[in-house]
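> model this:
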Amino acid sequence: MMPFRRRLLGTLLLWLGTLLVSLYIVVVQILPLQQEMGSDAEFWLILALVFIAAFVFAAVIGYRIIKIHIAPIENITETAMELVKGNYRARAYEDSDIGSAPLSSTINVLARNLQEITAVREMEQERLKTLIETMGSGLVMVDRQGKISLSNKYFQNEFGLNADDIIGKFYGELPIPETFAGFIEKVFMTETPAREQLEYQSGINNRAIEVYGAPVIGSHEQWLGIVIVLHDITELKRLEQIRKDFVANVSHELRTPVTSIKGFSETLIDGAYKEEATLLSFLEIIQTETNRLETLIEELLELSRVEQSGFEVDAQPTDMKAVIEYAFEMVHSRFEEKNMKCETFLDEVYVSGDANRLVQIMMNLLVNAITYSAAEKTVTVRLSQKGSQAVVEVEDEGIGIEASEISRLFERFYRVDKARSRNSGGTGLGLSIVKHLVEAHHGKIEVRSIPGRGSVFTIYLPLAD
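Numbering: from 1, shown residues only. Predicted structure coming up:
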């Protein structure tokens with residue numbers, strides 16, 4: 001600041017010198033002139049002109065002072081005010097020839113630093129926002145007043161909420177399941193971490209979530225609220241239930257024939273073999289149960305093969321009408337046993353698929369229709385083309401399926417009517433095999449059903465090129 005002060009002092013001295021020179025001219029030059037002229041009018045005219053010239057000169061010097069020293073200060077002040085308002089792009093004018101140049105340079109360095117800090121902060125906030133929005137878990141934060149301060153898309157989609165409708169609202173007002181609301185209440189009131197698995201009803205489906213809640217502690221150990229993180233474990237719960245059902249059903253399916261074989265074998269050993277009629281009857285039962293075990297093992301092995309990663313079918317152009325007719329011939333005897341009819345409406349359609357696997361699919365669907373239909377009913381099979389897909393429909397007049405059971409229909413060993421399917425010798429694996437084989441053909445299977453009136457299984461398969 002010393003050069004600035006020296007320049008300001010020099011300018012003021014120059015202005016003062018101008019005034020002194022003006023006074024010197026008046027005293028030394030003009031006063032003697034008055035005596036020579038002897039006229040007051042001329043004297044005052046000359047004096048006025050001298051003072052006007054001195055004033056103009058002083059004004060020029062003053063303007064120079066303002067331009068050099070005061071205007072840059074005002075510019076720096078305006079720049080500082082812009083920085084206070086948050087406009088970090090504002091810059092002060094820099095001129096090395098003026099005394100305020102170091103101050104302008106310092107202000108500009110401060111502005112650039114603030115701009116860089118703001119840019120870094122905005123980038124970090126954007127990263128944090130992107131991370132929160134795209135994370136595979138639900139997140140919701142509740143402030144110390146109990147109001148929602150933050151939530152991500154996952155949380156909103158899980159409960160069908162909108163960000164504008166929940167931010168700033170009390171957590172007790174949210175339209176969320178009671179179990180989840182109770183968990184938030186517990187964490188908020190106790191201010192201690194907690195973890196639970198919760199289940200709730202969403203429409204006709206059961207949902208399961210794992211939630212973790214913890215208090216948010218700021219600097220100086222200040223409690224700021226709580227944060228809740230939730231994970232959807234519905235699929236894990238379903239798979240766990242499938243595993244439990246699989247173990248239980250396999251155990252039951254194996255125990256029943258093994259118990260029968262063991263019991264009749266022991267009876268024969270104890271002497272029943274001496275009666276020929278009893279011997280033949282028991283041997284027929286043992287053979288039936290042995291066949292049942294063999295079928296179960298074969299279907300378990302088949303299911304294991306089609307469920308393996310990388311399983312593919314040998315897709316070739318295949319006459320789907322011929323496949324359906326062949327499958328009907330294979331199960332014709334079962335239709336006759338229950339005095340049932342099979343009506344077919346088949347178009348000439350060629351699909352891209354494995355003929356043997358397609359026959360297996362149709363046989364399983366036909367057997368399933370026979371199993372869950374009463375005697376003297378009708379099974380209808382339709383084959384048509386829709387766009388680039390072949391459409392196969394198998395419609396029965398059986399017991400039908402409840403809407404809540406359709407989602408589990410293709411699980412291993414799952415049965416709509418357990419007593420009926422077991423009495424008919426079914427293993428509960430047929431539809432699971434069908435689903436995997438259809439998907440291996442890059443197709444899909446759908447089910448429509450009305451309880452008490454029957455079901456329609458629809459298969460979509462790609463057409464042959």
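
> got the contact list for Ser137?
Ser137 makes contacts with 154, 229-231, as judged by CB atoms under 8 Å, 6 or more residues apart in numbering. For every residue, glycine as well, the C-beta is placed using N, CA and C.

> Could you do Ala163 as well?
By CB under 8 Å, 6+ apart, the contact set of Ala163 is 151, 156.

> same deal with Val229?
Contacts for Val229 were tallied using CB under 8 Å, 6+ apart; they are 137-139, 211-213.

> now do 10 Å
With contact taken as CB atoms under 10 Å, 6 or more residues apart in numbering, Val229 is in contact with 135, 137-140, 152, 154-155, 195, 210-214.

> same thing with Arg305?
Arg305 neighbours (CB under 10 Å, 6+ apart): 311, 433, 436.

> ok, the residue most central in space within the chain to Val60 distance?
The centre of the chain sits closest to Tyr154, judged by CA atoms, centre = their mean, with a distance of 5.2 Å. Separation of Tyr154 from Val60 (CB to CB, to the nearest Å) stands at 72 Å.

> Please enumerate the strands of this protein.
For the chain, the strands defined by DSSP state E cover 138-143, 148-151, 194-202, 205-217, 223-232, 316-319, 341-346, 350-353, 378-386, 389-395, 444-450, 454-462.

> Just put those strands in JSON lines and tack on distance to Leu300 and mean pLDDT.
Shown next, in JSON lines, are the strands of the chain (distance: least, CB to CB, whole Å; pLDDT from 0 to 100):
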{"stretch": "strand 138-143", "distance to Leu300": "39", "mean pLDDT": "86"}
{"stretch": "strand 148-151", "distance to Leu300": "46", "mean pLDDT": "83"}
{"stretch": "strand 194-202", "distance to Leu300": "31", "mean pLDDT": "85"}
{"stretch": "strand 205-217", "distance to Leu300": "28", "mean pLDDT": "85"}
{"stretch": "strand 223-232", "distance to Leu300": "31", "mean pLDDT": "86"}
{"stretch": "strand 316-319", "distance to Leu300": "27", "mean pLDDT": "90"}
{"stretch": "strand 341-346", "distance to Leu300": "29", "mean pLDDT": "89"}
{"stretch": "strand 350-353", "distance to Leu300": "24", "mean pLDDT": "90"}
{"stretch": "strand 378-386", "distance to Leu300": "27", "mean pLDDT": "91"}
{"stretch": "strand 389-395", "distance to Leu300": "24", "mean pLDDT": "92"}
{"stretch": "strand 444-450", "distance to Leu300": "21", "mean pLDDT": "89"}
{"stretch": "strand 454-462", "distance to Leu300": "22", "mean pLDDT": "91"}
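
> any chance of the ones you listed in a markdown table, with distance to Glu284 too?
As requested, the strands of the chain are arranged in a markdown table below (distance: least, CB to CB, whole Å):
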| stretch | distance to Glu284 |
| --- | --- |
| strand 138-143 | 60 |
| strand 148-151 | 67 |
| strand 194-202 | 48 |
| strand 205-217 | 45 |
| strand 223-232 | 52 |
| strand 316-319 | 39 |
| strand 341-346 | 29 |
| strand 350-353 | 39 |
| strand 378-386 | 29 |
| strand 389-395 | 32 |
| strand 444-450 | 36 |
| strand 454-462 | 34 |
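
> still on that earlier bit, just the local confidence number for the residue nearest to the centre of the chain, please.
Note for Tyr154: predicted pLDDT of 83.

> didn't it look like it was pressed against Ile228?
No - using CB atoms under 10 Å, Tyr154 is not in contact with Ile228; the gap is 11.9 Å.

> Now the common contact residues for these two.
Both Tyr154 and Ile228 are contacted by 138-140, under the criterion CB under 10 Å, 6+ apart.

> Any chance of those residues in a markdown table with neighbour count as columns?
A markdown table is the format used below for these (neighbours: other CB atoms under 10 Å):
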| residue | neighbour count |
| --- | --- |
| Gly138 | 22 |
| Leu139 | 18 |
| Val140 | 28 |
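
> Can you tell me which of those is nearest Ser455?
Closest approach between the shared contacts of Tyr154 and Ile228 and Ser455, by CB to CB: Gly138, at 36.7 Å.

> What is the burial count for Asn205?
Here the count is done by other CB atoms under 10 Å, and Asn205 has 10 residues near it.

> Tell me which residues touch it, please.
Contacts of Asn205 (CB under 10 Å, 6+ apart): 234, 404, 407.

> quick revisit: of the contacts of Arg305, just the buried ones, ChimeraX syntax please.
This is how ChimeraX selects the buried members of those, with burial counted by 16 or more other CB atoms under 10 Å:
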select :433,436
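
> Pick out the lowest-pLDDT one from the contacts of Arg305.
In terms of pLDDT, Phe311 ranks lowest among those, with 70.

> I'd assumed His441 was in contact with that one.
No - Phe311 sits out of contact with His441 when judged by CB under 10 Å, with a separation of 11.2 Å.

> So what's the gap between stretch 321-341 and the chain middle?
Once both centres are worked out by CA atoms, centre = their mean, to the nearest Å, stretch 321-341 turns out to sit 47 Å from its chain's centre.

> which of the residues in it are buried?
321, 323-324, 327-328, 331, 334-335, 340.

> how about the helices in the stretch 51-200 of the chain?
71-85, 101-134, 153-159, 163-166, 178-190 (DSSP state H, counting those that start in this stretch).

> Could you chop this structure up by domain?
Using automatic domain parsing, the domain parsing of the chain gives 2-116, 136-232, 237-307, 316-462.

> Straight-line length of the third one, end to end?
Which is domain 237-307. Distance across domain 237-307, first residue to last, is 20 Å (CA to CA, to the nearest Å).

> for the chain, which helix is longest?
Looking across the chain with DSSP state H, the single longest helix is helix 234-269.

> Mind checking the pLDDT average for that one?
For helix 234-269, the mean confidence score works out to 80.

> Would you mind measuring from Glu299 to Val187?
Counting by CB to CB, the gap from Glu299 to Val187 is 49 Å.

> follow-up on the earlier one: from the shared contacts of Tyr154 and Ile228, pick the one nearest Met123.
For these, the minimum distance to Met123 (CB to CB) is 20.7 Å, reached by Leu139.

> Next one: the closest one from Thr179, what distance?
From Leu139 to Thr179 the distance is 18 Å (CB to CB).

> now Ser432
Counting by CB to CB, the gap from Ser432 to Thr179 is 32 Å.

> could the helices of the stretch 51-200 of the chain go into TSV alongside distance to Val247?
Putting these into TSV (distance: least, CB to CB, whole Å) gives the following:
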stretch	distance to Val247
helix 71-85	70
helix 101-134	38
helix 153-159	31
helix 163-166	42
helix 178-190	29
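
> Highest mean neighbour count across those, which stretch is it?
Among the helices of the stretch 51-200 of the chain, ranked by average contacts under mean count of other CB atoms under 10 Å, first place goes to helix 153-159 (a mean of 17).

> And that helix, what does it pack against?
Applying 3 or more CB pairs under 10 Å, 6 or more residues apart in numbering; DSSP states H and E, we find helix 153-159 packed against helix 101-134, strand 138-143, helix 163-166, strand 194-202, strand 205-217, strand 223-232.

> what does it rub up against?
132-140, 148, 151-152, 161-163, 165-166, 174-177, 180, 200, 202, 207, 209, 228-232.

> gap between that helix and the chain center?
Mean C-alpha position of helix 153-159 versus that of the full chain (CA atoms, centre = their mean) differs by 8 Å.
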